[in-house]
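1. Below is the structure, and that's it, no one-letter string:
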């Protein structure tokens, strides 16, 4: 066997036969067509698949079949692998064949490819059928739409032609009528001058206007008739006038006629042009508030704003249409223009809310008297009420003192009548609470301790009772003590114009003991007797009126107000107004903690249902609906905001006032605080006490004061101003406490007002600048001045009086004039440093940073002491 190999020919000679590699690429030419008749020939190569020995020959491509309905895909099972055949021998060369596994894999792959190709072919046929069906339906729909459109256009054209024909006929009939009406008048004028000619009638029955006219020739003959040319163009539809809107587009086929309103306007316009008589001026009642703009005033008078401005310009006021004028100016303008005026004010919304007069014949029901217990702190007011109520309120009070105002009802054991008691605190800070108690009361019981006598708050209670003009009963308490002296109390009361019956006066006094419960029945008897003299009657069937004794913000129940009903009956579901707050009564709770359905006159109850806690002392009223309630509360809230804004602007004032205020507050330090209390009365007392602590150098600055627990917003506010938070009988919630701890904000809790005021006073005292006090130590006289190198000048001195200490402050006095103030840096006796030198001894001194010392100068030695100040 001879092998020959040529790299270029890629042939292999085996024996006498040459084997070669045939190319697997088939080439052909394809002609492409383009627009405008252009063509191009492109060479296309087709690369065939390589076949090995033993592979079956590729089947010839079948012609594309016609589209057939889509059928379910047929699963073609893979062919079984053919049995392995021995390698074929040809001319002594063994050609390599595939193994059984490779042949099996190849057969299965070919079978899967054939199945996939069949599925893709069927899917393409189904998609083509669906697309053809869709295009056929769309074509049918387009043809139907075009047919409908054409029919609509034909119908519309026919309607337009009919409408034009009807208009022409109507025009012709109107012309004929006008011609016939004018014919008798013109016949007489033309009869003598124009010969009559018969009317020509056309063959089709039309009149002379439409018949052919006969033209007469100059020679006397009659020419052929001249037929009028017929119009060739069709009459166009009338052009649509006006704006194109949705209604005109939808109603384009309808005939637009003249509206009734347009006809009336035309008639009125013609009448106005016809008659120039002046119109009668309407006199109106113009409602004028406290301030009104010129535009609004002109609208209410139905006048032009220009006329109003003209009148104001005549009075010397240059104004614009948007300017605001006061009620007096508006009234002058309105009366000048001939109208009547009705003045109103914003406060008119409160008319009829309180003190509505009832028919006295309806006041037939007796009501319990309201008794306020007043006196100095620790004189036994609450203990006396506990003895009357058989309760123990004192045991639950912090510090053993009353810090809240309370209202209770007691039934007299003798008469069985009810008496309403109001307990007031005796501390000096609760002046406002005592004033509120005196305003709502019928009788005042002045409690004075027999062993203590008349005290400052006793005098204040006497003044409150006199201001309220109510009768007073003096209860001399603590008669069980050995040093009790009732006569001393009666004598001290004479200094304040309180004369008891035993001294010939008209004030009832009773000696009682709350501890031993003595003479309590006599005290109740005196109260009942005084109530009978007052003859307290009311009408319980009217809307309720009352006073808010106390208000607080309960975490579980919301805003809670303690209300004393004074007139009428308060019921669950009533819409109530108190101050700037409104609400609907959700629950009524009496002094025993029981829920009641209604509260009559002189009955104290806790009211639940307010939108927010009202202020203590606000008057409560029942209104007819929520709209009235919102109107009243919005007015009051607006008035409250204006009042606060006026106070701020009043603080600013003029330039001179601002400068004087700056001088007053210059250098004053502020102590920022955030205060939260349990009730409005306690908060009011705390703010009043802290305000009294302020001086020209330091003052408490209240960033926020409110009722309720300490919240996260309070902590955030305190953090912004580096303020302390004070909680009086309230606590911070968990989130607020964690935030305060994380940010380092101090929260202090108090239950006694004494401790709160004292701690704030101490903290404010720490802001005061300390006082510097000089203490004289001694004097020394310079005898000689020594100049020592590397040290400076040393004064040789003799101490004339007192002592001289190292490090003390010194003054150098020359000819009775202070020439230097500084500190003593060196003090030596002989060669030793000493701490002090006594009187009569000699020493050496040196000053800090000063060398100008002369013989005969006097050195004054003193010590500066710092003394901390307090408020």
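-> Thanks, I have the structure now. No experiment lies behind these values; they were computed from the predicted model shown.

2. and residue 110, how many residues sit next to it?
-> The tally of other residues near residue 110 (other CB atoms under 10 Å) stands at 13. Placement of C-beta: from N, CA and C, glycine included.

3. Skip the chain neighbours and tell me the closest residue to residue 486.
-> residue 476 (4.9 Å; CB to CB, 6 or more residues apart in numbering).

4. right, and that neighbour touches residue 485 too?
-> No: between residue 476 and residue 485 there is no contact under CB atoms under 8 Å: 9.4 Å.

5. Please compare the two by neighbour count and tell me which comes out ahead.
-> residue 476 (26 against 15).

6. so where's the stretch 1-150 of the chain uncertain?
-> Within the stretch 1-150 of the chain, the stretches with pLDDT under 70 are 1-25, 48-97.

7. can you map out the helices along it?
-> All helices of the stretch 1-150 of the chain, identified by DSSP state H, counting those that start in this stretch, fall at 100-191.

8. Residue 669 touches residue 701, doesn't it?
-> No: assessed by CB under 8 Å, residue 669 is found out of contact with residue 701, at 9.5 Å.

9. Could you identify the helix or strand that succeeds the helix or strand hosting residue 487?
-> Using DSSP states H and E, residue 487 falls within helix 486-494. Using DSSP H and E, the helix or strand that follows helix 486-494 in sequence is strand 508-511.

10. So which elements touch that next one?
-> Judged by 3 or more CB pairs under 8 Å, 6 or more residues apart in numbering; DSSP states H and E, the packing partners of strand 508-511 are strand 472-477, helix 520-534.

11. What residues of the helix or strand harbouring residue 639 count as buried?
-> In the assignment (DSSP H and E), residue 639 maps to helix 626-652. By neighbour count with 16 or more other CB atoms under 10 Å, helix 626-652 contains the buried residues 628, 629, 631, 632, 633, 635, 636.

12. Quick one: end-to-end length of stretch 438-456, please.
-> Start and end residues of stretch 438-456 are separated by 17 Å (CA to CA, to the nearest Å).

13. what's next to stretch 815-824, contact-wise?
-> Residues outside stretch 815-824 that contact it (CB atoms under 8 Å, 6 or more residues apart in numbering) are 804-813, 845-850, 852, 857, 861.

14. Tell me how far that stretch lies from the chain's centre.
-> Relative to its chain's centre, stretch 815-824 lies at 67 Å (CA atoms, centre = their mean, to the nearest Å).

15. Surely residue 551 is in a strand?
-> Yes: counting by DSSP: H, G, I helix; E, B strand; the rest coil, residue 551 falls inside a strand.

16. And it, how far from residue 677?
-> 11 Å (CB to CB, to the nearest Å).

17. Now list whatever residues contact both of those two.
-> With CB under 8 Å, 6+ apart as the test, residue 551 and residue 677 both reach residue 707.

18. By mean pLDDT, flag the weakest helix or strand of this structure.
-> In the chain, the helix or strand scored least confidently by mean pLDDT, DSSP states H and E is strand 93-94, which has a mean of 40.

19. what's near enough to touch residue 835?
-> 805, 806, 827.

20. Read off the pLDDT value for the second one.
-> If you check residue 806, the pLDDT there is 85.

21. mind listing the helices for the stretch 751-871 of the chain?
-> 753-765.

22. Tell me which stretches of it form strands.
-> In the stretch 751-871 of the chain, the strands defined using DSSP state E, counting those that start in this stretch lie at 771-788, 792-802, 804-805, 809-814, 817-829, 832-833, 836-837, 842-847, 858-867.

23. Okay, buried residues for the last one please.
-> Of the residues in strand 858-867, those with enough neighbours to count as buried (16+ other CB under 10 Å) are 858, 859, 860, 861, 862.

24. Out of those, which comes closest to residue 165?
-> residue 862 (130.0 Å; CB to CB).

25. beta partners for the closest one?
-> Counting by DSSP bridges, residue 862 forms beta bridges with residue 776, residue 809.

26. quick one: contacts for it?
-> Contact analysis of residue 862 by CB under 8 Å, 6+ apart lists 774, 775, 776, 777, 808, 809, 810, 811.

27. separation between it and residue 773?
-> 10 Å.

28. now residue 118
-> 116 Å.

29. Isn't residue 522 up against residue 509?
-> No: counting by CB under 8 Å, residue 522 stays clear of residue 509, with 10.7 Å between them.

30. what stretches of this protein score poorly on pLDDT?
-> If you take pLDDT under 70 as the line, the chain has these spans: 1-25, 48-97, 181-257, 272-279, 355-363, 391-404, 426-430, 645-667, 871.

31. rerun that using 50 as the cut-off
-> 1-16, 59-96, 185-223, 225-226, 233 (pLDDT under 50).

32. Remind me which helix or strand residue 262 belongs to.
-> Going by DSSP H and E, residue 262 is in helix 260-274.

33. where's residue 762 relative to residue 331, distance?
-> 60 Å.

34. ok, back up a step: quickly list what the residue nearest to residue 486 is bridged to.
-> Where residue 476 sits in a bridge, its partners, by DSSP bridges, are residue 448, residue 511.

35. rewinding a little: between residue 522 and residue 509, which one's more packed in?
-> Neighbour count, other CB under 10 Å: between residue 522 and residue 509, residue 509 has more, with 24 against 13.

36. and that one, what does it touch?
-> Contacts for residue 509 (CB under 8 Å, 6+ apart) come out as 473, 474, 475, 476, 490, 500, 501, 502.
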